[in-house]
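Visitor: sequence first, then the predicted structure:
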Amino acid sequence: MIQTTLALLLLWQAGSPDALQHMQAGTEADKQRHFDVAITEFRKATELDPSLTAAFVNLGQAYMENHEYGSAIPPLKRALELNPDLTPAHQLLGYALLSQGYAAEAIPHLAKAQDATALGIAEIQTGNLKEAVENLQIALAKQPGDPDLLYYLGRASGLLSKQSVDTLLAAYPDSARAHQAMGENYFVLRQMPQAEKEFRAALQLRPDSPEVHLELGEVYAGSSQWDKAVEEYRAQTKLQPGNAEAFYRLGDSLLQQGKVHDARTVLQHSDHLQTDMPETLYALGKASALDGDPAAAEKSWKKLLAIEKDTTLAGQAHFALAGLYRKQGKTGDAAKEMQEFQKLQASAGGASGQSSQK
């Protein structure tokens, strides 16, 4: 908004002295956040000089700052009639139209202003999802970590994904990919028998589809059917010998079966394929400890803690190290690790409490 106001100051010279006096008064009121007064002054300026573009733009801006978005539309449209190339007016009008639900009408103005954020939001509302994703990615690259942008990009991507899946299911309902997509939907809904059925149907149609083995393995792991999980994960590793996640999940499942040495070997291979994967490091530390190698276990867990500081997995690593040191008689080190674990537990509990109050 500051840049918009500064750009418009240059246009005042074309106005009548009386109109410019009201413009100055409106600007001062706007700076003091007295938006009602600013609206009155800018409106008077437009009445005294109906050709003063800046007055109409500033009037529209003042309305928007006062959350009167519908009232901002007419003066901003008038400003663009007077000067169709005025980028700030296009941007403000795009915002006003979008806020009132006129997304389709807002798009050309936001495109003219090259406002990727608002343009992406408008495109979500009009169903132009591919374009929305592209614009929101551009905006996010300029403002990394912005929570609103992350939300809208996630929403646009999710809707685009759903649109693609709906098209797949409608056009090819009996295909392997359709069964896989249905399996994924059931998995998200925690309807495991239905998910298993769909993944099995997908594999019957396309046995060499590696990602389906991984997904089916997760179904079995979720219900502690470790023999079946191991079978699916092993099939995945054979089809994709370079997939670190597949080896991690296979190793973790073997660990759940109590096959400690075999699990450790597989997890070491996962770590070799993709170093510094926290899940692998935690499981590898656990396997090493159970395999009688506390030094290797300590190394894995400390490496994990060098990567992650305040996650649930970090808390588990601190707890595991506390137990390891206690067995070794290192009571001081054990106490420190337990203290770190308790800090993370308290932090997680506080965050949970805040979340429940919202």
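Guide: Perfect, thanks for sending it. Numbering: from 1, shown residues only.
Visitor: figure out the length between the terminal residues of stretch 254-264.
Guide: Taking CA to CA, to the nearest Å as the measure, stretch 254-264 stretches 9 Å from start to finish.
Visitor: in that stretch, what's buried?
Guide: Buried positions in stretch 254-264, judged by neighbour count with 16 or more other CB atoms under 10 Å: 254-255, 259-260, 262-264. Using the backbone N, CA and C atoms, a C-beta is placed for each residue, glycine as well.
Visitor: helix or strand: which one has residue 170?
Guide: Element membership of residue 170 [criterion: DSSP states H and E] is helix 147-171.
Visitor: what's the mean pLDDT across the very next helix or strand once past that helix?
Guide: Per DSSP H and E, the first helix or strand lying C-terminal to helix 147-171 is helix 176-188. Model confidence over helix 176-188, given as mean pLDDT, is 93.
Visitor: ok, stretch 308-323 next?
Guide: Across stretch 308-323, the average pLDDT comes to 95.
Visitor: same check on stretch 135-143?
Guide: Along stretch 135-143, the predicted confidence averages to a pLDDT of 94.
Visitor: center of the chain, which residue is that?
Guide: Computing the C-alpha centroid of the chain and ranking residues by CA atoms, centre = their mean puts residue 150 first, at 4.0 Å.
Visitor: I figured that one hits residue 140, correct?
Guide: Yes. In terms of CB atoms under 8 Å, residue 150 counts as a neighbour of residue 140; the distance is 7.1 Å.
Visitor: ok, back up a step: so the residue nearest to the centre of the chain versus residue 125, what's the distance?
Guide: Between residue 150 and residue 125 the computed distance is 18 Å (CB to CB, to the nearest Å).
Visitor: now do the SS call for residue 242.
Guide: coil (DSSP: H, G, I helix; E, B strand; the rest coil).
Visitor: ok, now which ones touch the closest residue to it other than its chain neighbours?
Guide: For residue 242, the nearest residue in space outside its immediate sequence neighbours is residue 273; the separation is 6.2 Å by CB to CB, 6 or more residues apart in numbering. Applying CB atoms under 8 Å, 6 or more residues apart in numbering, we find residue 273 in contact with 242-244, 247.
Visitor: can you pull the contacts of residue 117?
Guide: By CB under 8 Å, 6+ apart, the contact list for residue 117 reads 135-136, 139, 143, 148-149, 152.
Visitor: farthest-apart pair in those residues, please.
Guide: Of all pairs drawn from the contacts of residue 117, the greatest distance, 13.7 Å, lies between 135 and 148 (CB to CB).
Visitor: more neighbours, those two?
Guide: Between residue 135 and residue 148, counted using other CB atoms under 10 Å, the more crowded position is residue 135 (27 against 13).
Visitor: mind checking how far that one is from residue 117?
Guide: Noted for residue 135: a distance of 8 Å to residue 117, by CB to CB.
Visitor: again with residue 313
Guide: The span separating residue 313 from residue 117 equals 33 Å under the rule CB to CB.
Visitor: can you check residue 320 too?
Guide: Residue 320 sits at a distance of 44 Å from residue 117 (criterion: CB to CB).
Visitor: C-terminal to the worst-scoring helix or strand of the chain on mean pLDDT, what's the next element?
Guide: One helix or strand of the chain scores below all others by mean pLDDT, DSSP states H and E: helix 2-9, with a mean of 38. Moving toward the C-terminus from helix 2-9, the first helix or strand encountered (DSSP H and E) is helix 17-31.
Visitor: go through that following helix and flag the buried ones.
Guide: Buried residues in helix 17-31, defined by neighbour count with 16+ other CB under 10 Å: 19-20, 22-23, 25-27, 29-30.
Visitor: tell me what the next helix or strand after it is packed against?
Guide: Using DSSP H and E, the next helix or strand after helix 17-31 towards the C-terminus is helix 35-48. Applying 3 or more CB pairs under 8 Å, 6 or more residues apart in numbering; DSSP states H and E, one finds that helix 35-48 contacts helix 17-31, helix 53-65.
Visitor: hey, least reliable of those helices by pLDDT?
Guide: Comparing mean pLDDT across the helices and strands packed on helix 35-48, the weakest is helix 17-31, with a mean of 89.
Visitor: what residues are up against the residue lying closest to residue 143 once chain neighbours are set aside?
Guide: Here the nearest residue to residue 143 in space, its sequence neighbours aside, is residue 149; by CB to CB, 6+ apart that works out to 6.0 Å. Under the criterion of CB under 8 Å, 6+ apart, the contact list for residue 149 reads 117, 136, 139-140, 143.
Visitor: how about residue 96?
Guide: Here residue 96 is in contact with 60, 63-64, 69-70, 72-73, 76, 106 (CB under 8 Å, 6+ apart).
Visitor: residue ranges with poor pLDDT in the chain?
Guide: Applying pLDDT under 70 to the chain flags the ranges 1-15, 348-358.
Visitor: go with 80
Guide: For the chain, applying pLDDT under 80 flags the ranges 1-16, 210, 347-358.
Visitor: on that earlier part again, same list, the helices and strands packed on helix 35-48, but as CSV with distance to residue 343 please.
Guide: Formatted as CSV, those follow (distance: least, CB to CB, whole Å):
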stretch, distance to residue 343
helix 17-31, 46
helix 53-65, 44
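Visitor: so which of these is nearest residue 326?
Guide: helix 53-65 (61.4 Å).
Visitor: what is that closest one packed up against?
Guide: For helix 53-65, the elements it packs on are helix 2-9, helix 17-31, helix 35-48, helix 69-82, helix 87-99, judged by 3+ CB pairs under 8 Å, 6+ apart.
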